[in-house]
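[1] All I have is the shape, not the residue letters:
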């Protein structure tokens, strides 16, 4: 029992030391840091608005060119340039929600570990007290009470 309690307490201490693991705490080195910062810059609706304005600048030329250049402008310029930022904004929102969910799950698991640890401590104390009672009382039943269990010879105790 003590081994289990020690393991639980060590586990709780390790969890508290490390904390919850979120995307914000992810270590990726310089390249990862640069990629995350560029992503955070591009993954804004303001960037999507800027890309829309930039794409619209070339729209008149695409219209003058006919159907082929207009379809190419829509597919290669507008959709790729503008939707990229909008999709990134959506991914960022989803990532933030996922981090919040991870934090809540972490807090719930931490609370369950604390409760489990407390229950283990109570069980240990209860077991120790019960053993002390048995040592003090010996095998005797308190005076004026019938022993619990079958009477000698297998018959039930007299009522």
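    Nice, thanks for sending it over. Not measured: the values here are computed from a predicted model. Residues are numbered from 1 along each chain as shown.
[2] Give me the phi and psi for residue 19.
    phi 80, psi -180 (degrees, to the nearest 10).
[3] thought residue 120 was touching residue 11?
    No: counting by C-beta atoms under 8 Å, residue 120 sits too far from residue 11 to count as a contact (11.9 Å). Backbone N, C-alpha and C define where each C-beta goes, glycine included.
[4] Between those two, which is the more surrounded one?
    Counted by other C-beta atoms under 10 Å, residue 120 and residue 11 do not tie: residue 120 has more neighbours, with 18 against 13.
[5] Now do the host helix or strand of the more buried one: which elements does it pack against?
    Assigned by DSSP states H and E, residue 120 belongs to helix 84-137. Packing partners of helix 84-137 (3 or more C-beta pairs under 8 Å, 6 or more residues apart in numbering; DSSP states H and E): helix 2-18, helix 29-42, helix 45-57.
[6] who wins for proximity to residue 67 among those?
    Across the helices and strands packed on helix 84-137, the minimum distance to residue 67, taken as C-beta to C-beta, is reached by helix 45-57, at 18.1 Å.
[7] Show me the contact partners of the closest one.
    Identification of contacts with helix 45-57 by C-beta atoms under 8 Å, 6 or more residues apart in numbering yields 41, 73, 77-78, 81-82, 84-86, 89.
[8] The helix holding residue 120 versus helix 29-42: what angle between them?
    Per axes from the mean of the first three to the mean of the last three C-alpha atoms, to 10 degrees, the angle that helix 84-137 makes with helix 29-42 is 120 degrees.
[9] low-scoring stretches of the protein, by residue?
    1-6, 21-25, 27, 139-159 (pLDDT under 70).
[10] Go again with 90.
    Across the chain, residues meeting the criterion (pLDDT under 90) sit at 1-43, 76-81, 84-85, 88, 91-100, 102-103, 105-114, 116-118, 120-121, 135-159.
[11] in it, which residue is closest to the centre?
    residue 102 (2.8 Å; C-alpha atoms, centre = their mean).
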